[in-house]
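>>> Have a look at this prediction, sequence included:
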Amino acid sequence: MLALNLPSYPFKIANKAGKRFIFDPLRKKYVALTPEEWVRQHFIQYLLNYKGYPQGLLANEVQIVLNGTRKRCDTVLYDKSLSALMIVEYKAPHIEITQAVFNQITRYNMVLRVKYLIVSNGIKHYCCRIDYSQQKYEFLPDIPNYQDLEGL
């Protein structure tokens with residue numbers, strides 16, 4: 001798999017019936033090792049090991065209903081009262097992060113109304129903080145450490 005702009009980690013990889021799988025510690029199971037999943041697993045380890053995010057407050061493949069259609073957020077961070085605080089959307093490394101990607105995560109946020117949105121293709125990472133009272137958003141220079149997040 002491609003080297004990413006994230007710290008490396010000794011992942012658990014398995015081969016079954018000629019296909020590769022990677023262990024997802026949040027779902028506690030092996031999942032198909034796609035380029036997007038490679039990014040997700042790296043980013044989760046980055047959040048856990050470098051940014052101090054608690055594993056128990058992160059969830060992968062969170063289902064929401066948007067305009068009568070079921071959608072899945074790639075990763076959601078919850079606060080201690082289990083309200084959604086952050087949505088993370090992943091793309092494969094070869095996928096350019098465009099306005100369409102931001103539109104996708106913004107649609108998901110119409111349901112969850114989180115304070116933080118992150119988009120990453122493993123090479124480039126974007127994080128913005130939303131201020132609903134001022135009806136504006138601000139792109140942050142880096143992914144915040146867990147203890148620096150507002151609304152914990």
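Yes, it's here.

>>> which residues of the chain fall in helices?
If you assign secondary structure with DSSP state H, the helices in the chain sit at 35-49, 99-112.

>>> Least reliable of the ones you listed by average pLDDT, please.
By mean pLDDT, the lowest-scoring of those turns out to be helix 99-112, with a mean of 93.

>>> How far away from the center of its chain is that one?
Chain-centre distance of helix 99-112: 13 Å, with C-alpha atoms, centre = their mean, to the nearest Å.

>>> what's the answer for stretch 123-141, then?
15 Å.

>>> Span of that stretch from start to end?
Across stretch 123-141, the terminal residues are separated by 15 Å (C-alpha to C-alpha, to the nearest Å).

>>> Please list the residues outside that stretch that contact it.
Residues lying outside stretch 123-141 but in contact with it, judged by C-beta atoms under 8 Å, 6 or more residues apart in numbering, are 4-5, 43, 93, 97, 102, 109, 113-120, 142-144, 150. For glycine as for every other residue, the C-beta is placed from the backbone atoms N, C-alpha and C.

>>> give me the low-pLDDT residue ranges for the protein?
Applying pLDDT under 70 to the predicted model, the residue ranges of the chain that meet it are 151-152.

>>> picking that back up, for the helices of the chain, which one sits closest to T75?
With respect to T75, and counting by C-beta to C-beta, the nearest of the helices of the chain is helix 35-49 at 6.7 Å.
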